[in-house]
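Asker: Sharing a sequence plus its predicted fold:
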Amino acid sequence: MFGYYLDLALHSFRRSIVLTVLMVLAIGLGIGASMTTLTLFHVLSGDPIPQRSAQLFYVQLDAEGKGDYTPGAEPNIQLTRFDAEALLREKRATHQAVMSGGFAPLQTGDGSPVALDGTFPQLRYTSADFFPMFDVPLRYGRPWSEADDQARARVTVISSELNQAMFSGADSTGRTLRVAGHDLRIVGVLAPWRPTPRFYDLNLRDAYAGSETAYLPYSTSRDLKLARSGTMDCWADSKGDATALDAPCAWLQYWVELDNPGAVRAYREYLDAYSDHQHAAGRFERPVNTRLRSVMEWLDFNKVVPSDVRLQLWLAFGFLLVCLVNAVGLLLAKCLRRAAEIGVRRALGAARRDIFAQFVVEAGVVGLAGGALGLLLALGGLWVVRQNPASYAQLAHLDAAMLLATFALALIASLLAGLLPAWRACGVTPALQLKSQ
Amino acid sequence: MDIRPILSTLRRHKTAAALIVLEIMLTCAILCNGMDLVAQRIARVQRHTGWAEPELVVIGMLGIDTDANTDALTRQDLIALRGVPGVRQATTTNQVPYGDSSWNTGIQLTPDQQRRTLLASQYMVGEHFLDTTGVRLIAGRDFLPDEYIDLSAADTADKRMLPILVNRPMAAQLFPDGEALGKTVYQLHRPLKIVGIVDPLSAVRDFEPDHPALVMPVRMSYNRGASFLLRVDPAQRAAVLKAAVAELERINPNRVVLLQKSFVDIKHDFFAPDRAMAWLLVSVCAALLVVTALGIVGLASFWVQQRTRMIGTRRALGATRGQILRYFQTENLLLTSIGIALGMAGAYGINQVLMSHYELTRLPPAYLPIGALVLWALGQVAVLGPALRAAALPPVAVMRAG
């Protein structure tokens, strides 16, 4: 029967080409617009590290002074150097890493500046666990070790982009990268790595800008007094050096890996106990106020997806809705016009169910055609989005899941649109229609 | 024209009429909000700092040699930059509007105050900041030459009084009832004396015009995050910028130029996402209107076809072509008006939801009549084709075919 309905549908399209084209156009435009923004939303709101995001947690402590205290308020989003180093020393999690963004001029071993097609090199100062904890893929060599952290070793792990620019992609382990005038030995080279968004540090200006150019031990960066980047909050006089060990300034991020709910509970208790201890020692002035958020909770809390993108999403769905209402109207017009045909089919023995099925199949065919058009429009739309200067725009590509979603959405939308006309069609009384002929 | 026959006809086609009303309603609601969003983006992009924007260029650098005396080098750089042909004035600043760097500081009225009185955007500038930017002094005086200090000196525990300039909103917010000029305020324990009031001076990213901002006579070196801000001849801006960078590289080649851009370009790049968003909204609204028009054309054509016999009867009974045409136009006007009325309520509903989620303002009522006019016009244009076709039907042929 399905084949016959398909045949009937094609026949009816040929009979009213203009209406059919209008319907396909309406559904196609709606699908194209909503899939463009849905794809962007899907890319931007995805899990940056799906295999481990439930085991990774971001730590917050409340080390600020009593001055601006409001009970129940969120603690500072970053840690002070004193607290971060204390937690790192005590090592209570499976893995843990302290980190901060930084910047410095880069040179090759013989002193010529490194040019990275116009982009300013970003550095990350962190500790050894960063690499295993975040599943950072290495192309050559290995990350530095905890011993390197302790020895403030002059070592670095570089990105694949920097390796491409400096060494044309060859194995560069053992070679030298000069950072702000200091020679660092390259111990590892990353494979291309772009966590989207760059979840581990959300206070830099652009969460979708990609990962850093080079990584070096946090301890080494303090030894060399390298410049840091990102937000810094000071709540008392820093006495000249805001990055000193005892400065009342928060500027470090701290991540831990905890493998099961028991470990998470234990770590929360540990953070509370640590705060209590600091309070007793007179360092913390506020009541205990700690946070431990998983990757997705942390992204939600920071509202990482640009609000423009969410606005576009709603706009596109409103647009799809209008297109659907439009399609319902056109389908209805088309089916009422064919009352006579329906009357004949009913008189010849077709059940209401058959008529209903016939019109639903017809709506489905329109939906698939609209989906195909919508796919083309979405590809065009995503191309337009990629011309947008925002860094997240470059990520706007259709993947297999979204391709399927396009057709699913088109089919569901058109079937929904087809329900009312089909219902009206199967309500046609054969006798009345035949008499009026 | 009597609308009763139209109403009774519509009552017999409730579903189709309801669909047109629904479509107009949704379009109207989205259109009004879309126009408002576009207008807000345009207003953002057109904001002006009040500075000599077309004349300004910014240069940022970082040194490779960590032992260099960068304070002295920065002073030397400034003298050399002022000598470059086409440069009218030059200074250093820790931040420029629309730039990457943003400094803020809490300000108190007394040194032992627990909570800050306000948070101010903090400019730390070298000599000639006012001449360079075109910011005007509206009361008091500019900094004296011996009041400038190096950041390295400001960093120490020494809590000497610093003179500051404040913008008008900051003066008003600190001292709502009196004269701010000559008063002393505090940054933690450091006293700051207000020696002048300037205008206009905005925060770097917070573009509310009433955001407090202050200027300190603190010279920063290029290595501590300061940029060189140059006021140049706008006619040869690019050439002067190039010459200035060449001069800096000549003075000390051991530095990397990170930023060399005109203020106009910095601003242009800063607002690029807003412009992109505005274009997107405009195209969605346009597409929306096209789809709605197509829907009206489709349904109206169907309608004309369905009512062929009615039209024939009316024509045979003496109705003119004009009357048939006006019948369909009035019908459309009626449906569109109902849709618009419902759509306006919907527009306010959507606006309420958007306001609670996206820091938007209330929808200005002016958009409602604009949206209504656009949709009325759209409806009339869309129905014109089918209506003309209906009016052109010869009564005899129609009656016979029926």
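Answerer: Looks like it came in fine. Residues are numbered from 1 along each chain as shown, chains lettered A, B, ... in the order given.

Asker: Count the residues that sit near A:V24.
Answerer: 24 (other CB atoms under 10 Å in any protein chain shown). C-beta: built from backbone N, CA, C; applies to glycine.

Asker: who's in contact with it?
Answerer: By CB atoms under 8 Å, 6 or more residues apart in numbering or on different chains, the contact list for A:V24 reads A:366, A:369-370, A:373.

Asker: pLDDT below threshold where in the chain?
Answerer: No chain in the question, so chain A it is. Under the criterion pLDDT under 70, the flagged ranges of chain A are A:117-120, A:205, A:433-437.

Asker: wrong one, I was asking about chain B
Answerer: B:1, B:65-67, B:154-158, B:206-208, B:359, B:397-402.

Asker: And the chain, split by domain according to the record?
Answerer: Using chain A. A:2-45+A:306-436, A:56-301 (automatic domain parsing).

Asker: my bad, chain B
Answerer: For chain B, automatic domain parsing gives the domain ranges B:4-46+B:272-401, B:65-253.

Asker: of all those, which lies closest to chain A?
Answerer: domain B:4-46+B:272-401 (3.4 Å; CB to the nearest CB).

Asker: what about that closest one, near chain A?
Answerer: Yes: Domain B:4-46+B:272-401 is in contact with chain A by CB under 8 Å from any CB of the partner chain, via B:15-16, B:19-20, B:22-23, B:26-27, B:29-30, B:34, B:37, B:272-273, B:276-277, B:280-281, B:284, B:287-288, B:290-292, B:294-295, B:297-299, B:301-303, B:305-306, B:354, B:357-359.

Asker: Report the buried members of the residues you listed.
Answerer: The neighbour count (16 or more other CB atoms under 10 Å in any protein chain shown) marks B:16, B:19-20, B:22-23, B:26-27, B:29-30, B:34, B:37, B:273, B:276-277, B:280-281, B:284, B:287-288, B:291-292, B:294-295, B:297-299, B:301-303, B:354 as buried among the residues of domain B:4-46+B:272-401 next to chain A.

Asker: just so I have it, where are all the strands in chain A?
Answerer: Ranges of strands in chain A, per DSSP state E, are A:56-60, A:79-80, A:95-103, A:106-108, A:122-126, A:138-141, A:155-158, A:176-179, A:182-190, A:214-217, A:227-229, A:233-234, A:249-257, A:291-294.

Asker: now for those, which one comes closest to chain B?
Answerer: Nearest of the strands of chain A to chain B, taken as CB to the nearest CB: strand A:106-108 at 6.7 Å.

Asker: Check which helices and strands the closest one sits against.
Answerer: Contact analysis of strand A:106-108 by 3 or more CB pairs under 8 Å, 6 or more residues apart in numbering or on different chains; DSSP states H and E lists strand A:176-179 as its packing neighbours.

Asker: picking that back up, would JSON lines of the domains of chain B with distance to A:I27 be doable?
Answerer: Shown next, in JSON lines, are the domains of chain B (distance: least, CB to CB, whole Å):
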{"stretch": "domain B:4-46+B:272-401", "distance to A:I27": "10"}
{"stretch": "domain B:65-253", "distance to A:I27": "41"}
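
Asker: Can you tell me which of those domains is nearest to A:A266?
Answerer: With CB to CB as the criterion, A:A266 lies closest to domain B:65-253 of the domains of chain B, at 36.1 Å.

Asker: pretty sure A:A405 contacts A:S34?
Answerer: No: A:A405 is beyond contact range of A:S34, at 10.0 Å (criterion: CB atoms under 8 Å).

Asker: Compare these two (neighbour count), which wins?
Answerer: Comparing A:A405 with A:S34 by neighbour count (other CB under 10 Å), the higher total belongs to A:S34, at 27 against 16.

Asker: my read: the more buried one touches A:A316, true?
Answerer: Yes: A:S34 is within contact range of A:A316, at 4.1 Å (criterion: CB under 8 Å).

Asker: need the longest helix for the chain.
Answerer: Looking at chain A here, since you left the chain open. Using DSSP state H to define each element, chain A has its longest helix at helix A:352-386.

Asker: um, chain B though
Answerer: helix B:321-358.

Asker: Take the buried ones among the residues of domain B:4-46+B:272-401 next to chain A and keep only those in helices.
Answerer: Under the assignment DSSP H, these contribute B:16, B:19-20, B:22-23, B:26-27, B:29-30, B:34, B:37, B:273, B:276-277, B:280-281, B:284, B:287-288, B:291-292, B:294-295, B:297-299, B:301-303, B:354 to helices.

Asker: For stretch A:333-346, buried residues please.
Answerer: A:333-339, A:341-343, A:345-346.

Asker: Where do the strands of the stretch 1-150 of chain B begin and end?
Answerer: For the stretch 1-150 of chain B, the strands defined by DSSP state E, counting those that start in this stretch cover B:56-63, B:87-93, B:104-107, B:118-124, B:136-140, B:149-150.

Asker: Of all those strands, which one is nearest A:R81?
Answerer: That would be, of the strands of the stretch 1-150 of chain B and by CB to CB, strand B:104-107, which comes in at 20.9 Å.

Asker: Need the residues that contact that closest one.
Answerer: Against strand B:104-107 from outside (CB under 8 Å, 6+ apart): B:116-122, B:170, B:174, B:185-188, B:192, B:203, B:212, B:214.

Asker: Name the strands paired with it and say parallel or antiparallel.
Answerer: When pairs are called by DSSP bridges, strand B:104-107 turns out to pair with strand B:118-124 (antiparallel).

Asker: quick one, the partner strand and strand B:87-93 angle?
Answerer: 130 degrees (axes from the mean of the first three to the mean of the last three CA atoms, to 10 degrees).

Asker: buried residues in stretch B:34-45?
Answerer: In stretch B:34-45, counting by 16+ other CB under 10 Å, buried: B:34-38, B:40-41.

Asker: Include distance to A:A207 when you put those residues into CSV, please.
Answerer: Output for the buried residues of stretch B:34-45, formatted as CSV (distance: CB to CB, whole Å):
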residue, distance to A:A207
B:G34, 27
B:M35, 30
B:D36, 28
B:L37, 23
B:V38, 26
B:Q40, 24
B:R41, 22
